[in-house]
Each structure stands twice: as C-alpha cells, then as structure tokens.
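**Student:** compute the structure for the input listed below.
(one chain, ligands or ions: 2)
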Amino acid sequence: MNEVTETMMNTRAALDDIIDTQRYPIHEPGTVAYDKLVERCQESLSDDGCCTLPGFLRPAAVERIAREAELLAPQAHRHQASHNPYFCEPRPELGETHPINRFQERTNGFVCSDLIDADSDLQTLYKSEGMTRFISQAFEIDPLHRFADPLACMPFNAMQPGDSFPWHFDTNEFTVTWMIRPPEHGGVFEYVPGIRDPEDEHYDDVAAVMAGHRSKVRTLDLGAGDMQLFMGRYTLHRVTQVQGSRARHVAIPSWARQPDMVGTPHRVKHLYGRVLPVHLERANMREDNLVD
Ligand SMILES: O=C(O)CCC(=O)C(=O)O
Ligand SMILES: [Fe+2]
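**Tutor:** Ligands and ions are numbered 1, 2, ... in the order given. Predicted structure coming up:
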C-alpha cells in the first residue's frame, strides 16, 4: 500500500469513528447516497436558508468532544457587547426604530481553535478533505478553503446560563455548527430565512421581527451531535437566552472563498481576547496599537 492510500484509509477509518457515515456518507463522493445527501442539503438551503443533519456525530464521539469542551471551557474568553443586526455603527438620522439603531446585549465565551488538541475528533473532522469537499458542494461554492486563522478557524462557542446572542446577520456568507452540548432550557436557534438579499436590506421586515413579530420566525432545537448549515449573511438569526444549570457548547468550523482568510486584529482581539503575529503582520500593525 502506498503512503497516500494509507493516509486516505486512516482518515476514512477516523471519520467512520466520528460521523454516522451510514446516514451521512460524506467520505464516498460519486455514490448515489452521497449525491442524494448533497442534493437534500442544497434544496433545504435554497428553500429554508438552513439545513440540519440530525445525529451527524456519533454519540461516542459527541461524548469525547463534550468532555474536551468541558475541560477547555474555563479558558473561554468572555466578552460582552451591544450590537445591532449588522455589527455597524448607529445612524441617529434614521430614527430609533430603524434596525441599524436597535442595539441588543450579547454575552458569550469563545475557546480559541488553537487550544483544541491537534489529534482531537474535532480537528480530525475539520482538517479532513472530505469535510471541506462536502461543505463546498452543499453550499455550491467552489473552491472553498478552511480559514487560515489559527484562533478563529474552529472555535467553541461556550454560552453560560444567562448568555444570549441577539438578532444578527453574519459577516461570513454561510455558517456551519456542530452542536456538542445543548443547554437544559433555552439557547434555541431562531431564524428568518431570506429576509435580506444582495439588492435589498428589507429594513421594515427586520424591524418587525425585532419588534416581536413572530409569523416568519422559525425555531430549531438542536440536539447533541447535530450539524447545522445556514446562510448566515441573508438569514436573520439569534440564539435565545441559555437557561438551566449547564452551558451550551457549539463548535463553529469555518470556511471561506479566499484561501488565506484571517480576522482583523481588532475583531480577533475583541472576540478571542488575544491576537497572534499572523493577525498583526497581515494588518501591518503592532500589538500596542490595539485598543480593546
Ligand atoms: O450558536 C449558534 O447556534 C449560532 C451562533 C451564531 O449565530 C454565530 O456564531 O454567528
Ligand atoms: Fe450568527
């Protein structure tokens, strides 16, 4: 057996151990089952802006990942911020009911990707070529690359009881999550698909949702091991307040169209609590110029 074949077989065995490959044969491109799965994801993303693959991770893998998350959670960088759905500055001339002027509190903790063990299930999954190929086909974006940002490429989002993530649109075009541990209560993902498009912000519709109109709001109660794909830039979404005694742990693996994507020093410092030389070099900056 040559080295390349051996590596492929090892990766395949490792993926089999992590993913329920019977239901989700992401390692078998070109088969009817694979094509059906991709088609199902594409349809769901196009109709609903969102696609859930329940039980994507095997229960034993979820247990291992959950243990790792539990151990790492104390190292999460906690941050609190008040933001509008667009993460932009307010514009008082638009009036206080305009969504650009509707600020809500977010409290959250992120465990940076570089703290997650290189041999862990999560890293094996994220680094596998099969995963990137599958995500690329599901979102119909080719080529697609893993984030080159060592802190932000696959962080854990650790939301404590009381934390919430208010209504927003992601800056990334799309988002993928792996639910590792749902909370006891609350922490529900709510979304309004297709409310925004590249030509029109539909501010009135966004304002209506923020004012409490629920007719277009859909909810998703994700279970441990579920994978979720959604069109975060055009889907207004939020995570309701986490309640009960335990935290909500979600892994957020990230891909981008650009091969060398890293965050800006200010954003990385704000979300993750530190920056690395790569962030500063890209921005041609020195760390002492960074104000938190
Ligand atoms: O935690 C989640 O389920 C989604 C988080 C989210 O909206 C985001 O990271 O932008
Ligand atoms: Fe989001």
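
**Student:** can you tell me how far the one residue sitting closest to the centre of the chain is from ligand 1?
**Tutor:** Closest residue to the average C-alpha location of the chain: residue 252 at 3.6 Å, with Cα atoms, centre = their mean. Distance of residue 252 to ligand 1, computed by Cβ to the nearest ligand atom, to the nearest Å: 5 Å. Where you see a C-beta, it was placed from the backbone N, CA and C, and this is true even at glycine.

**Student:** contacts only, for that residue.
**Tutor:** Shown in contact with residue 252 (Cβ atoms under 8 Å, 6 or more residues apart in numbering): 154-157, 175-178.

**Student:** cool, residue 69 as well?
**Tutor:** 111, 156, 158, 180-181, 249, 251.

**Student:** for residue 168, same thing?
**Tutor:** 83-87, 236-238.

**Student:** secondary structure element for the closest residue to residue 149 other than its chain neighbours, which one?
**Tutor:** Nearest residue to residue 149, sequence neighbours excluded (Cβ to Cβ, 6 or more residues apart in numbering): residue 262, at 4.1 Å. Assigned by DSSP states H and E, residue 262 belongs to no helix or strand.

**Student:** on that earlier part again, residue 284: which of the contacts of residue 69 is nearest?
**Tutor:** Lowest distance from residue 284 to those (Cβ to Cβ) belongs to residue 111, with 28.4 Å.

**Student:** run a quick neighbour tally on the closest residue to that closest one other than its chain neighbours.
**Tutor:** Closest residue in space to residue 111, ignoring its immediate chain neighbours: residue 156 at 4.0 Å, by Cβ to Cβ, 6+ apart. Applying other Cβ atoms under 10 Å, we find 26 residues neighbouring residue 156.

**Student:** for residue 156, list each beta-bridge partner.
**Tutor:** Per DSSP bridges, the residues bridged to residue 156 are residue 111, residue 251.

**Student:** now for it: which residues touch it?
**Tutor:** Applying Cβ under 8 Å, 6+ apart, the residues near residue 156 are 69, 72-73, 76, 110-111, 116, 180, 249-252.

**Student:** can I get the residues you listed in CSV with distance to residue 133?
**Tutor:** Compiled in CSV, the contacts of residue 156 are given as follows (distance: Cβ to Cβ, whole Å):
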residue, distance to residue 133
69, 26
72, 28
73, 31
76, 31
110, 27
111, 27
116, 22
180, 23
249, 26
250, 23
251, 19
252, 19
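
**Student:** just put these in TSV and tack on pLDDT and distance to residue 39.
**Tutor:** Output for these, formatted as TSV (pLDDT from 0 to 100; distance: Cβ to Cβ, whole Å):
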residue	pLDDT	distance to residue 39
69	96	32
72	96	36
73	96	37
76	95	37
110	94	34
111	96	34
116	96	32
180	98	27
249	98	31
250	98	26
251	98	26
252	97	25
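
**Student:** which one of those residues is nearest ligand 1?
**Tutor:** residue 250 (4.4 Å; Cβ to the nearest ligand atom).

**Student:** give the burial count for the closest residue to the closest one other than its chain neighbours, as a bare number.
**Tutor:** Leaving aside its sequence neighbours, residue 250 sits nearest to residue 157 (Cβ to Cβ, 6+ apart; 4.6 Å). Residue 157 has 21 neighbours, counted by other Cβ under 10 Å.

**Student:** can I assume residue 157 is in contact with residue 110?
**Tutor:** Yes: when contacts are counted by Cβ atoms under 8 Å, residue 157 is listed as touching residue 110 (6.1 Å).

**Student:** flag every residue of the protein that's near ligand 1.
**Tutor:** Contact residues, the chain versus ligand 1 (Cβ under 6 Å from any ligand atom): 157, 165, 170, 175, 177, 189, 232, 237, 239, 250, 252.

**Student:** show me what contacts the residue in the chain that ligand 2 sits nearest to?
**Tutor:** For the chain, the residue closest to ligand 2 is residue 170, as judged by Cβ to the ion, at 4.3 Å. By Cβ under 8 Å, 6+ apart, the contact list for residue 170 reads 232-233, 237.
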